[in-house]
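>>> task: produce atomic coordinates for the following.
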Amino acid sequence: MKNYHTHTFRCKHAHGDVADYAEAAINKGFSLLGMADHTALPDDRWITMRMSYAELPQYVEAITHAKTRYPELTILKGMECEWTKEYHNFYAQELLGDYEFDYLVLGSHFFPYKGRFLSAHMDVGDGNKLAAYTKHLIDSMESRLFAFVAHPDLFGLTYLNWDKNTIAASRDILQTAAKLQLPLEINGNGLVTRVINTPQGVRTAYPWLKFWELAAEYNVTVVVNSDAHHPEGVDQGMEDGMKIVENLGLELANLDYLNGR
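Down below sits the predicted model:
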C-alpha cells in the first residue's frame with residue numbers, strides 16, 4: 001500500500017512525528033509513506049493550523065532521519081499547501097528547490113471572497129461562496145506546482161444540498177483536473193470522521209459520492225490517501241476509498257515518479 005498524505009504534531013491538530021508514522025506504516029504493510037504536513041509559510045499566516053516557518057528545518061530533518069532509520073520503507077518529503085500568488089515562488093524555489101521536496105499537495109482550506117479569506121471548512125454556505133471557492137481552487141490547480149489535489153470536494157462540509165450549483169462547481173473542477181492531468185484525492189479522513197446530517201440525508205461531507213459519480217464521466221485519475229492525523233490512522237478510510245474507485249470504475253493515478261523526483 002501507498003499513502004501520500006499524513007500529518008505530524010507540528011500542524012497543531014495532529015499527533016506523532018515522522019518516525020511514529022513510519023513504524024505504523026511498516027506494521028500495516030505499507031511500501032511507501034508520504035509526509036505532507038500543513039506547510040510552513042514565510043509570514044506564518046494561518047499559523048493556528050500549520051507549522052511555523054521556524055519549524056521547517058526540523059520537519060525536514062525528521063523525514064531525513066526516518067529515511068535512514070527505516071530503509072525498508074520509502075518515505076517521501078511533501079507538504080500540503082494553500083496557494084496564493086504571493087507564495088508561489090516560496091513553493092517553487094524554497095520547498096521544491098532549496099529543500100528538494102519530493103512533492104507538494106494542494107489543500108485549499110481558505111478562499112478569497114469580497115476582499116477577505118473565508119474558511120472552506122465553515123463558510124461555503126451559498127452559491128456565490130461556492131463559486132468563489134471553485135474559482136480559487138481552479139486558479140490554484142493551474143499553478144502547476146502540485147502532485148495532486150487533496151479533498152477537492154471539501155465544500156461538502158457546509159454546502160449541504162446537491163443541486164445545480166454543486167454540479168456546476170464539480171464539473172468545473174473535474175474539467176480542470178482532466179485538462180491539467182492533475183490527480184484528485186479520495187480522502188480517507190473524510191470517510192472516517194466527516195459524517196454529517198443534511199436535508200438530503202446522512203452522508204460523508206467529503207468524499208461526497210455525488211462528486212465522484214460525476215468524476216467517472218471525465219478523464220481524471222484519483223489517489224486514495226488516509227490524510228492521517230495520528231499514526232494509528234495511517235490507513236484510515238483507504239479500504240473504503242478503494243471501494244469507491246472500484247465501484248465507479250475510476251482510474252488510479254500513478255505517482256511512482258515522485259520517488260526520486
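>>> dump the residue contacts of the residue nearest to Lys2 when sequence neighbours are not counted.
Using C-beta to C-beta, 6 or more residues apart in numbering and skipping the chain neighbours, the partner closest in space to Lys2 is Leu32 (4.1 Å). Where you see a C-beta, it was placed from the backbone N, CA and C, and this is true even at glycine. When contacts are counted by C-beta atoms under 8 Å, 6 or more residues apart in numbering, Leu32 touches Met1, Lys2, Asn3, Tyr4, Leu73, Thr74, Ile75, Leu76, Asn259.
>>> just the residues you listed: which are in helices?
Nothing among the contacts of Leu32 maps onto helices, per DSSP state H.
>>> mind checking which of the residues you listed are in strands?
Applying DSSP state E to those, the entries found in strands are Lys2, Asn3, Thr74, Ile75, Leu76.
>>> out of those residues, which is nearest to Val245?
Lys2 (13.5 Å; C-beta to C-beta).
>>> would you quantify the distance from the spatially closest residue to Glu232 that is not a sequence neighbour to Val223?
Excluding its sequence neighbours, the residue lying closest to Glu232 (C-beta to C-beta, 6+ apart) is Ala24, at 6.1 Å. Using C-beta to C-beta, to the nearest Å, Ala24 is found at 20 Å from Val223.
>>> what's the answer for Leu182, then?
10 Å.
>>> now do Met51
To Val223, Met51 is 23 Å away according to C-beta to C-beta.
>>> how about low-confidence regions in this structure?
Scanning the chain for pLDDT under 70 picks out the ranges 260-261.
>>> now the strands: where do they sit in it?
Counting by DSSP E, the strands of the chain are 2-3, 32-38, 74-81, 103-106, 110-113, 116-119, 148-149, 184-187, 195-198, 201-204, 221-225, 251-252.
>>> tell me which residues of stretch 74-87 are tucked away?
Thr74, Ile75, Leu76, Lys77, Gly78, Met79, Glu80, Cys81, Glu82, Trp83, Thr84, Tyr87 (16 or more other C-beta atoms under 10 Å).
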